[in-house]
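Enquirer: Test case, fold it:
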Amino acid sequence: MSRKNASFAADLAAGINLPEDGAPSPRRPGLGSNVLTGRENRLAELAAGSVVSRTHELVDPARCRMWAGHNREYALLNEERCADLIESIKAQGRQEMPAIVRRVRGEPDYDFEVICGARRHWSISWLRSHNYPDFRFLVDIRELSDEEAFRIADIENRAREDLSDLERARDYLRALEAYYEGRQKIMAERINVTESWLSRYLDLARLPLELMVAFPNPQDLRIKHVTTIKPLLKPDDRRQRVFAEAAALSARSGGEGAPMAVPEIVRALALAADPPKRSGPPKKSGMAQIVSSETGKAVLRIEGTDRKGIRLTLLNRGGASREDAEKAIREVLDAHWA
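Expert: Below is the predicted model:
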């Protein structure tokens with residue numbers, strides 16, 4: 001046996017616990033004792049269930065915080081939004097898919113920050129406080145830069161329907177400045193999307209607050225709505241009319257009844273941006289005419305006359321008041337009723 005192997009064998013032998021009557025004289029800790037000690041610790045961890053694999057661990061969710069760059073608004077999570085995941089974890093008896101985390105150093109209250117897996121973290125935390133105290137948070141520990149963390153989170157969440165377009169859009173806008181110095185082309189290349197695709201999300205994130213107040217549930221906004229909304233903000237006179245309508249819609253949204261759906265709100269904003277001019281009696285051409293209030297809100301649509309009469313459509317979603325509608329109807333009656 002070579003001198004190197006003999007030394008290794010001696011170290012291994014020194015690490016084995018022999019009966020007292022056969023115990024050799026103490027030796028300094030060597031490679032063998034370190035190997036056995038590490039293996040004992042590892043086996044103890046596995047037996048206790050705290051370690052699942054080389055990079056996966058089961059941890060206390062209270063020792064994990066959300067990464068500052070996480071693309072989900074954690075405060076919006078609740079039992080309803082996580083119901084499917086909560087039921088899945090209960091049915092399986094464990095969390096199946098690990099969250100991606102990285103270690104936090106120098107902070108006594110936390111060991112990890114969550115890069116991907118906010119819903120999993122919220123669900124496990126909720127279960128632990130609702131009669132399932134033995135559930136633990138399954139994590140995949142990575143060494144990642146902030147930019148790498150952003151791209152991994154984006155890849156994981158891009159296909160998830162439970163992440164709203166607005167959450168994703170705001171995350172992209174933040175990342176554009178934080179990691180790519182505002183260079184949209186470079187960012188699109190790094191996350192493997194087209195510039196036009198990325199632009200639509202950035203446009204959504206950049207919608208001004210004066211417009212966003214029109215939507216009771218901004219998370220319901222979708223990319224498809226941006227193509228209609230963005231042109232309404234130029235030039236400035238149209239922009240101001242849209243802001244005024246948004247404020248009016250916001251003021252009315254607190255009343256009774258179901259809130260307006262996003263498509264209805266978008267139509268109301270579009271009507272405010274380009275209010276039809278007040279018109280007189282319909283022309284013989286049969287073209288539809290819009291009757292508007294003094295403030296420019298659409299009230300009635302009058303469609304072509306014939307021998308039988310005219311057809312009126314009441315535009316009760318155009319933002320005008322009941323008084324506006326009654327006045328417009330009286331004017332139509334005065335003009336057409338002999």
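
Enquirer: Skipping its backbone neighbours, what lies nearest residue 179 in space?
Expert: Spatial nearest neighbour of residue 179, chain neighbours left out: residue 147 (4.3 Å); criterion: CB to CB, 6 or more residues apart in numbering. In this view, the C-beta of every residue, glycine as well, is placed from N, C-alpha and C.

Enquirer: Tell me how far that neighbour lies from residue 123.
Expert: Using CB to CB, to the nearest Å, one obtains 28 Å as the distance from residue 147 to residue 123.

Enquirer: Got the phi and psi for the closest residue to residue 101 other than its chain neighbours?
Expert: Using CB to CB, 6+ apart and skipping residues adjacent in sequence, the residue nearest residue 101 is residue 112, 4.1 Å away. Taking degrees, to the nearest 10, you get phi -140, psi 160 for the backbone angles of residue 112.

Enquirer: Give me the distance between residue 112 and residue 218.
Expert: Applying CB to CB to residue 112 and residue 218 gives a distance of 30 Å.

Enquirer: circling back to that earlier point, what's the neighbour count on the residue nearest to residue 101?
Expert: Burial of residue 112, expressed as a neighbour count using other CB atoms under 10 Å, amounts to 23.

Enquirer: now swap in residue 251 and tell me
Expert: 10.

Enquirer: Contact partners for the residue lying closest to residue 187 once chain neighbours are set aside?
Expert: Leaving aside its chain neighbours, residue 187 sits nearest to residue 180 (4.2 Å; criterion: CB to CB, 6+ apart). For residue 180, the residues meeting the contact criterion (CB atoms under 8 Å, 6 or more residues apart in numbering) are 186-187, 190.

Enquirer: Switch these over to a markdown table; also include neighbour count and distance to residue 253.
Expert: Rendered in a markdown table, the data for the contacts of residue 180 read as follows (neighbours: other CB atoms under 10 Å; distance: CB to CB, whole Å):
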| residue | neighbour count | distance to residue 253 |
| --- | --- | --- |
| 186 | 13 | 40 |
| 187 | 23 | 35 |
| 190 | 16 | 39 |
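
Enquirer: Tell me how far residue 185 lies from residue 198.
Expert: Distance of residue 185 to residue 198, given as CB to CB: 9 Å.

Enquirer: of these two, who's got more company?
Expert: Here residue 185 and residue 198 are compared on neighbour count by other CB under 10 Å; more neighbours surround residue 198, at 18 against 10.

Enquirer: Give me the domain ranges for this structure.
Expert: For the chain, the domain assignment from automatic domain parsing gives the residue ranges 3-48, 56-205, 209-273, 289-336.

Enquirer: confidence score at residue 277?
Expert: We have a pLDDT of 63 for residue 277.

Enquirer: got it, and the one 4 residues further on?
Expert: We have a pLDDT of 52 for residue 281.

Enquirer: re the thing from before, touching, the residue nearest to residue 101 and residue 141? I think so.
Expert: Yes: under the criterion of CB atoms under 8 Å, residue 112 lies in contact with residue 141, with a separation of 7.2 Å.

Enquirer: Common neighbours of these two, please.
Expert: In terms of CB under 8 Å, 6+ apart, residue 112 and residue 141 are both contacted by the residues 101-103.

Enquirer: Please report the distance of the residue nearest to residue 187 from residue 146.
Expert: Applying CB to CB, one obtains 12 Å for the distance of residue 180 from residue 146.

Enquirer: quick one: which helix or strand includes residue 196?
Expert: Element membership for residue 196, per DSSP states H and E: helix 195-205.

Enquirer: mind listing what's buried in that helix?
Expert: Taking 16 or more other CB atoms under 10 Å as the basis for neighbour counts, the residues of helix 195-205 that come out buried are 198, 200-205.
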